[in-house]
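Peer 1: Provided below for reference: sequence and predicted model.
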Amino acid sequence: MARLLDLNELAEETSTEFGLLECLREIGVIAPDVDGVYTAGDVIRVDAAKSLLDSGLSVEKIGEAIDLGLFTFEYIDRFHPEPSPLSDNTLGDLAGQLSLEVQVLKSVYLALGLAEPPEDGRLTVETEEILERFVAVWGPGGENGLVRAARLVGEPAQRLSEGWTRLYVEKISHPLGEQGLTTEERIQEIVATTEQAALLAPMMFNWLMQTHLRHAIDRANLEGIEETMAEIGLSAPAPRRPPAIAFVDISGYTQMTQAHGDTYAVRSSDLMRNHAQRVAGQHGGRLVKLLGDGAMLYFENVSEGVSAVVELVRALAGDGLEAHAGIHAGPVIEHDADFYGSTVNLTSRIAGLAGPGEILVSGVVVNQVEDLDVESLGSAILKGVDAPVPTYRLLSLSGV
């Protein structure tokens, strides 16, 4: 059953003056029952109306749009979970209880991509519980740990929410206006599809987070075991013909996506997937996973791996995408169709050194493949790697 609110509670939960609430009631944004009682859904309606007011629309214009049937607030609460009630604590109170400077919590809010709340404004119960658990987990890492953890969650959540909504408008909402539907039919169809999309996004995000988190924890555990065994001399002997791992990334991906938007990102990802699957299959390897702006590939034969990566970089260049890559060979840990261990980590680091259009390989690759035309770059100091790593720039594929 929906949580019920009187006018005072609605004003408090939305931080809205009574006069504005009365105006919103008059134009039909909110509608109390015969006893003057509102629901928690009216909190969502008031917040949505205030966003429109903040954008420059007047109460009168919003009312006109409602009267003309161009917009309705009637169903908007169906797109969101019911708002949490207010707790007794403000942000300042919570900071004191957590033994933190209030500015630290404000920094967390900013890293999450949220507007900084007023110190004297009461938090919701849900917000208070989340922040308490967040600080309990990441507080030992200090302010830097808190802010970095908040940013790790906030940035992808914001990108997902904005991209998901833009895609819905482009592919679902706008096309409905071209189908000859009446305004009421179009609104009903948009309400139904928006509700489904709004409910699906957090479900998928949570499922993916749980799945990726499990893989990340497994990887950390397996790599920890590998490192510990190496420290006590129990490492597995290196295979005579080790498999190869390759990372291929699109150069300048972030800047190009910012300049050209989601269309560029989708096109780039599709081209990377299609070309990577093709060349991997043709050379006895496989595409392990896509990584946003790149791909991770596995090859049992190092020479085939080098040939595949060269072909992949050239294919991407033919489609206007400049890429760079790193290749290394060595023992790997396979788990849940993914690969882990120091070989994978080292390959990623080598790829990170490559400039646009470059393919860098390790000394192991040079020793495994005859007649590689390479240029020595000396020994590189790589993050997380104890000893300098000999690296080479691939110049051609003579003899491969």
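Peer 2: Thanks, I have it. Numbers count the residues shown, from 1 in each chain.
Peer 1: How many residues are close by residue 81?
Peer 2: 12 (other C-beta atoms under 10 Å). (Glycine included, C-beta is placed from N, CA and C.)
Peer 1: Now it: which helix or strand?
Peer 2: Per DSSP states H and E, residue 81 falls between elements, in no helix or strand.
Peer 1: try residue 245
Peer 2: strand 244-250.
Peer 1: What of residue 203?
Peer 2: Residue 203 belongs to helix 183-231 when assigned by DSSP H and E.
Peer 1: What of residue 394?
Peer 2: Per DSSP H and E: residue 394 is located in strand 389-396.
Peer 1: and that strand, C-alpha only, in PDB?
Peer 2: Output of strand 389-396 as PDB, limited to C-alpha atoms (Å, rounded to 0.1, in the frame of the first residue of the first chain):
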ATOM      1  CA  VAL A 389      59.900  -5.900 -18.900                       C
ATOM      2  CA  PRO A 390      61.600  -5.900 -22.400                       C
ATOM      3  CA  THR A 391      59.100  -4.600 -24.900                       C
ATOM      4  CA  TYR A 392      59.200  -4.400 -28.700                       C
ATOM      5  CA  ARG A 393      57.300  -2.500 -31.400                       C
ATOM      6  CA  LEU A 394      56.100  -4.700 -34.200                       C
ATOM      7  CA  LEU A 395      57.200  -3.300 -37.600                       C
ATOM      8  CA  SER A 396      55.900  -6.000 -40.000                       C
END
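Peer 1: Report the buried residues of that strand.
Peer 2: Within strand 389-396, the residues that qualify as buried by neighbour count (16 or more other C-beta atoms under 10 Å) are 389, 390, 391, 392, 393, 394.
Peer 1: Throw those residues into TSV and include distance to residue 61 and pLDDT, thanks.
Peer 2: Output for those, formatted as TSV (distance: C-beta to C-beta, whole Å; pLDDT from 0 to 100):
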residue	distance to residue 61	pLDDT
389	63	87
390	68	91
391	62	94
392	65	95
393	61	95
394	62	94
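Peer 1: Of those residues, which is the nearest to residue 176?
Peer 2: residue 394 (51.2 Å; C-beta to C-beta).
Peer 1: Report the spatially closest residue to that closest one, excluding sequence-adjacent ones.
Peer 2: Nearest residue to residue 394, sequence neighbours excluded (C-beta to C-beta, 6 or more residues apart in numbering): residue 359, at 4.2 Å.
Peer 1: pretty sure the one you found contacts residue 393?
Peer 2: Yes: look at residue 359 against residue 393 with C-beta atoms under 8 Å: they come within range, at 7.4 Å.
Peer 1: how about the helices in the stretch 51-200 of the chain?
Peer 2: 59-67, 91-97, 102-111, 125-138, 142-168, 174-176, 183-231 (DSSP state H, counting those that start in this stretch).
Peer 1: To residue 274, which of those lies closest?
Peer 2: helix 142-168 (20.4 Å).
Peer 1: quick one: secondary structure of residue 375?
Peer 2: strand (DSSP: H, G, I helix; E, B strand; the rest coil).
Peer 1: tell me the contacts of it?
Peer 2: 392, 393, 395 (C-beta atoms under 8 Å, 6 or more residues apart in numbering).
Peer 1: Save these as TSV, and put in distance to residue 242 too.
Peer 2: Shown next, in TSV, are those (distance: C-beta to C-beta, whole Å):
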residue	distance to residue 242
392	17
393	21
395	23
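Peer 1: coming back round to it: identify the contacts common to residue 359 and residue 393.
Peer 2: Joint contacts of residue 359 and residue 393 (C-beta under 8 Å, 6+ apart) do not exist.
Peer 1: hmm, back to that, how close does the residue nearest to residue 394 get to residue 341?
Peer 2: To residue 341, residue 359 is 22 Å away according to C-beta to C-beta, to the nearest Å.
Peer 1: who's more crowded, these two?
Peer 2: residue 359 (25 against 20).
Peer 1: Who are the contact partners of the more buried one?
Peer 2: 309, 310, 313, 324, 325, 326, 327, 393, 394.
Peer 1: Counting neighbours, what do you get for residue 242?
Peer 2: The number of residues near residue 242, taken as other C-beta under 10 Å, comes to 18.
Peer 1: Please disregard the earlier target; I meant residue 94.
Peer 2: So residue 94, with other C-beta under 10 Å, has 19 neighbours.
Peer 1: Surely it is in contact with residue 105?
Peer 2: Yes: if you go by C-beta under 8 Å, residue 94 and residue 105 touch, sitting 6.9 Å apart.
Peer 1: Mutual contacts of those two, please.
Peer 2: Shared contacts of residue 94 and residue 105, counting by C-beta under 8 Å, 6+ apart, come down to residue 131.
Peer 1: Quick check: of the contacts of residue 375, which lies closest to residue 14?
Peer 2: Nearest to residue 14 out of the contacts of residue 375 is residue 393 (C-beta to C-beta; 60.3 Å).
Peer 1: Spatially nearest residue to that closest one, not counting backbone neighbours?
Peer 2: That would be residue 375: by C-beta to C-beta, 6+ apart, it lies 4.6 Å from residue 393.
Peer 1: what's the answer for residue 100, then?
Peer 2: Counting by C-beta to C-beta, 6+ apart, residue 135 is the residue found nearest to residue 100 once chain neighbours are left out, at 6.9 Å.
Peer 1: any idea of the pLDDT on that neighbour?
Peer 2: Per-residue confidence (pLDDT) for residue 135: 97.
Peer 1: Residue 326 sits in which helix or strand?
Peer 2: With DSSP H and E as the test, residue 326 turns up in strand 323-329.
Peer 1: Provide the strand pairings for that strand, with the direction of each partner.
Peer 2: Partners of strand 323-329 in the sheet, by DSSP bridges, are strand 244-250 (antiparallel), strand 359-362 (parallel).
Peer 1: Let me see the contact set for residue 108.
Peer 2: Counting by C-beta under 8 Å, 6+ apart, residue 108 touches 131, 134, 146, 147, 150.
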